[in-house]
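**Student:** For reference, the sequence and a predicted model appear below.
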Amino acid sequence: MKLSVAIPQSALSDESLKIDKTRKISVLARACAIFKIDTIYVYQEGNNKSDGALLVMILKYLETPQFLRRRLFPKMNDLKFAGVLQPLKIPSHVTPVNSKKIKSGDIREGIVVSVKGKKFVDVGINQLIQYYGNMSTGKRVTVQFKEGYPRLSVKEIDRKDIPSYWGYSVKERANLFSVLSEWKGNIILTSRKGKPITNDLLSKYKKSDESTLVVFGSPEKGIHEIIGGRMNKVQNAKSLNFFPNQATETVRLEEALLGTLSIINAQS
């Protein structure tokens, strides 16, 4: 089952300190990586745009292999507490190795650089490799080695062609309704107003060939309140309650994300 999630930019509103916001984003990113989330949609909800920018930036930062971060993320205040972030340790985050260990078929993330008018790709092996693709200088690219050491030639590949989980992408949207309107597969709306989750309800998604989007509300508003009267315009959506017997007044987003995805994963 191919999964994506939608979370609000107001997800951090229940934290007052930037260090705590940073820690929360780390937990969210780890949950998404554990359960092989394909795309994280961050939709605008609430008025705190700085929280939304922090959420998107750190999610992208964590998904980026460590050896590429200095090139792609300049020093900024939003990364002041990057030291508390937990690494994802997903397959794309391979530690830079000696070029002699590179084999044909190996896949790496890299960044396109220019040297004397020619394009090369830096994949973290202390040796630049000539690049013949269309990606512009300074951009991140996924490559596969056509030949290993000592020739070291690469070709650009699409993430969809990589057999193992390679990380999530992050996309911003103006509001939740725009996310739901453009989504072409199944939609699960997580809500305490939904039907209590059962194996039979989840089996539909397990058997489906379509991707599934799992949607989460904000600390202040549930999904039904956020969408309002446009709920009846949302196609292929089912509202499900993954915590039907909760004793707490609310379930925090990081708890909801881990709990919901764990339940879905157990059925997939």
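**Tutor:** Structure's in. What do you need?
**Student:** Just the buried residues of the helix or strand hosting Val179, please?
**Tutor:** Per DSSP states H and E, Val179 falls inside helix 176-182. Judged by neighbour count (16 or more other Cβ atoms under 10 Å), helix 176-182 contains these buried residues: 176-177, 179-180. Just so you know, the C-beta spots here come from the backbone N, C-alpha and C atoms, and that holds for glycine as well.
**Student:** cool, stretch 89-97 as well?
**Tutor:** Neighbour-count burial for stretch 89-97, counted by 16+ other Cβ under 10 Å, picks out 90, 92-94.
**Student:** And the furthest pair within the buried residues of helix 176-182?
**Tutor:** Greatest spacing in those, by Cβ to Cβ: Phe177 and Val179 (7.3 Å).
**Student:** Quick one: mean pLDDT over the top strand by length along the chain.
**Tutor:** Criterion DSSP state E: the longest strand present in the chain is strand 186-196. The average pLDDT for strand 186-196 rounds to 94.
**Student:** Tell me which strands it pairs with, and in which orientation.
**Tutor:** Strand 186-196 has the following strand partners under DSSP bridges: strand 212-215 (parallel), strand 237-241 (parallel).
**Student:** Identify, out of those, the most deeply packed stretch.
**Tutor:** Ranked by mean neighbour count under mean count of other Cβ atoms under 10 Å, these are led by strand 212-215, which reaches a mean of 24.
**Student:** Just give me how far it sits from the chain centre.
**Tutor:** 13 Å (Cα atoms, centre = their mean, to the nearest Å).
**Student:** Tell me which helix or strand comes right after it.
**Tutor:** helix 223-227.
**Student:** just for the stretch 151-268 of the chain, where's the confidence low?
**Tutor:** Scanning the stretch 151-268 of the chain for pLDDT under 70 picks out 267-268.
**Student:** so Gly124 touches Ile111, yeah?
**Tutor:** No: applying Cβ atoms under 8 Å, one finds Gly124 not in contact with Ile111, separated by 9.2 Å.
**Student:** which of these two has more neighbours?
**Tutor:** Ranked by neighbour count (other Cβ atoms under 10 Å), Gly124 and Ile111 place Ile111 first, with 22 against 17.
**Student:** okay, that one: pLDDT?
**Tutor:** 96.
**Student:** To which secondary structure element type does it belong?
**Tutor:** Recorded secondary structure, Ile111: strand (DSSP: H, G, I helix; E, B strand; the rest coil).
**Student:** Check whether it really touches Arg71, as I assumed.
**Tutor:** Yes: contact criterion Cβ under 8 Å: Ile111 and Arg71 qualify, at 5.3 Å.
**Student:** Nearest to Asn134 among the buried residues of helix 176-182?
**Tutor:** Using Cβ to Cβ, Val179 comes nearest to Asn134 of these, at 29.1 Å.
**Student:** show me what contacts that closest one?
**Tutor:** Residues in contact with Val179 (Cβ atoms under 8 Å, 6 or more residues apart in numbering) are 6, 41, 43, 173, 213, 215.
**Student:** hmm, 10 Å instead?
**Tutor:** Contacts for Val179 were tallied using Cβ atoms under 10 Å, 6 or more residues apart in numbering; they are 4, 6, 41-43, 171-173, 187, 213, 215.
**Student:** what does Asn134 give?
**Tutor:** The neighbours of Asn134, taking Cβ under 10 Å, 6+ apart as the test, are 112, 119, 141, 156.
**Student:** Next: Glu172.
**Tutor:** Contacts for Glu172 were tallied using Cβ under 10 Å, 6+ apart; they are 9, 40-44, 52-53, 55-56, 179.
**Student:** Can you say which of the residues you listed are buried?
**Tutor:** Buried by 16+ other Cβ under 10 Å: 9, 40-44, 52, 55-56, 179, out of the contacts of Glu172.
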